[in-house]
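Okay, sequence plus prediction incoming.
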Amino acid sequence: AVKTAGKGNYRFYEHQLYEDLRKRVDREQELRHAIENDELLIYYQPRLDIKTGMVSSMEALVRWQHPSRGLIEPLEFIGLAEETGLILGIGELVLDKVCAQLATWSQREREILPVSVNVSPRQFNHRHFIKVVTACIKRHRIPAQLLEIEITESCMMGDSHDVSAALAALQKMGIKILIDDFGTGYSSLSQLQRLDFDVLKVDRAFTSEVAKTEEGKVFFTAIITMAHALGMRVVAEGVENARQIEVLRRLQCDEIQGFYIAKPLPPAARQSDFPLQIMPVFV
Ligand code: C2E
Ligand code: MG
Ligand code: MG
Ligand code: MG
């Protein structure tokens with residue numbers, strides 16, 4: 001297209017490329033500044049046991065409190081962070097904030113629940129990842145079992161030997177491994193069978209279908225059967241109504257998470273202070 005479009009158009013493209021590049025460099029600078037300036041914060045979204053209605057864990061979800069643009073959601077900056085490598089710093093920061101929060105909650109309450117942390121492929125496959133996690137737990141003097149790690153199927157694309165060694169090292173410490181957004185990635189069933197995971201989080205695309213179509217129900221049933229046969233618990237992500245909970249319970253799903261139960265919330269002084277709506281379906 002560029003060749004036949006003539007000189008004017010070529011200039012246009014060139015200009016556009018330059019503009020895009022400049023914007024990217026600006027955004028990268030801004031993100032770097034956000035890390036140094038402590039503008040990142042963690043929200044927490046609970047996960048419930050579907051049988052008891054009790055919270056079993058909370059997911060840490062990063063946000064960027066931008067001085068002029070307000071609260072920015074992770075989908076707007078995690079991609080850029082991955083590409084530029086800034087995710088390594090952000091990942092360490094998130095781990096540190098979560099461990100610090102767990103330590104604070106532990107001082108105020110006798111029994112507290114674990115928190116799951118999202119780890120990006122680049123961070124998980126970094127050779128120092130286990131060291132970073134271990135150091136963080138030690139620094140804040142918290143039991144490793146309070147930490148859970150969410151990885152996506154794309155984390156398993158690397159050298160499978162390294163992946164299983166990393167998983168084993170974390171699990172030996174008592175850290176549970178969750179597969180996030182299950183069903184949207186490219187992992188083969190053989191990987192699931194070979195590697196040892198604790199929890200399978202089914203992507204919300206499937207949750208939204210489970211109470212709507214027969215196919216949706218069939219698909220979820222198959223995932224649950226397979227996961228249970230392999231000794232994994234199943235979480236339905238993105239639960240948005242009571243109908244879905246009803247169906248999921250009938251299908252023997254283990255846990256649920258979603259806006260219908262609670263949105264991600266800023267940290268409360270005590271972990272038990274989170275204003276959890278009690279679902280009518282659990283009363
Ligand atoms: P995720 O780990 O799959 O997290 C679930 C996302 O779905 C969250 O978006 C959550 O707010 C949203 N969600 C929860 N329940 C519902 C629901 O019922 N309906 C709908 N429509 N959405 C729901 P959020 O917080 O914007 O995070 C988006 C993604 O960004 C996360 O997806 C995760 O992949 C990534 N992310 C968040 N925090 C971190 C982090 O600290 N490190 C890394 N590497 N990635 C992170
Ligand atoms: Mg997650
Ligand atoms: Mg997810
Ligand atoms: Mg995700």
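The structure has been received and is ready for your questions. Ligands and ions are numbered 1, 2, ... in the order given.

And ligand 2, is stretch 49-68 touching that?
No. Shown here: stretch 49-68 not in contact with ligand 2 (C-beta under 5 Å from the ion), separated by at least 5.5 Å. C-beta here means a position set from N, CA and C on the backbone, and glycine is covered the same way.

if you look at that stretch, does any of it touch ligand 1?
Yes. Interface with ligand 1: stretch 49-68 contributes Leu61, Val62 (C-beta under 6 Å from any ligand atom).

Buried residues of that stretch, list them for me.
Using 16 or more other C-beta atoms under 10 Å as the test for burial, stretch 49-68 gives Ile50, Gly53, Val55, Ser56, Ser57, Met58, Glu59, Ala60, Leu61, Val62, Arg63, Trp64.

do the same with stretch 21-30
Glu28, Glu30.

follow-up on the earlier one: ok, the buried residues of stretch 49-68 vs ligand 2, which is closest?
Glu59 (5.5 Å; C-beta to the ion).

Got the phi and psi for the closest one?
When read as degrees, to the nearest 10, the backbone of Glu59 gives phi -100, psi 130.

Tell me which of the buried residues of stretch 49-68 fall in strands.
Val55, Ser56, Ser57, Met58, Glu59, Ala60, Leu61, Val62, Arg63, Trp64 (DSSP state E).

residue contacts, the fifth one?
In this case it means Glu59. Neighbour list for Glu59: Tyr44, Gln45, Pro46, Arg47, Val115, Ser116, Asn118, Glu150, Gln257, Pro264 [criterion: C-beta atoms under 8 Å, 6 or more residues apart in numbering].

what's the distance between it and Met226?
Look at Glu59 and Met226: by C-beta to C-beta, to the nearest Å, they are 23 Å apart.

now the helices for this structure?
Using DSSP state H, the helices of the chain run over 6-36, 78-84, 86-108, 121-124, 129-140, 160-173, 189-194, 204-210, 214-229, 242-250.

what residues does the stretch 51-200 of the chain put near ligand 2?
Within the stretch 51-200 of the chain, the positions adjacent to ligand 2 are Asn118, Glu150, Asp180 by C-beta under 5 Å from the ion.

go again using 8 Å as the cut-off
Contact residues (C-beta under 8 Å from the ion) of the stretch 51-200 of the chain with ligand 2: Glu59, Leu61, Ser116, Asn118, Glu150, Leu178, Asp180, Asp181.

tell me, how many neighbours does Arg250 end up with?
10 (other C-beta atoms under 10 Å).

Leaving aside the residues adjacent along the chain, what's closest to the spatially most central residue of the chain?
The centre of the chain sits closest to Asn118, judged by C-alpha atoms, centre = their mean, with a distance of 3.5 Å. Computed as C-beta to C-beta, 6 or more residues apart in numbering, the closest residue to Asn118 that is not its neighbour in sequence is Glu150, at 4.8 Å.
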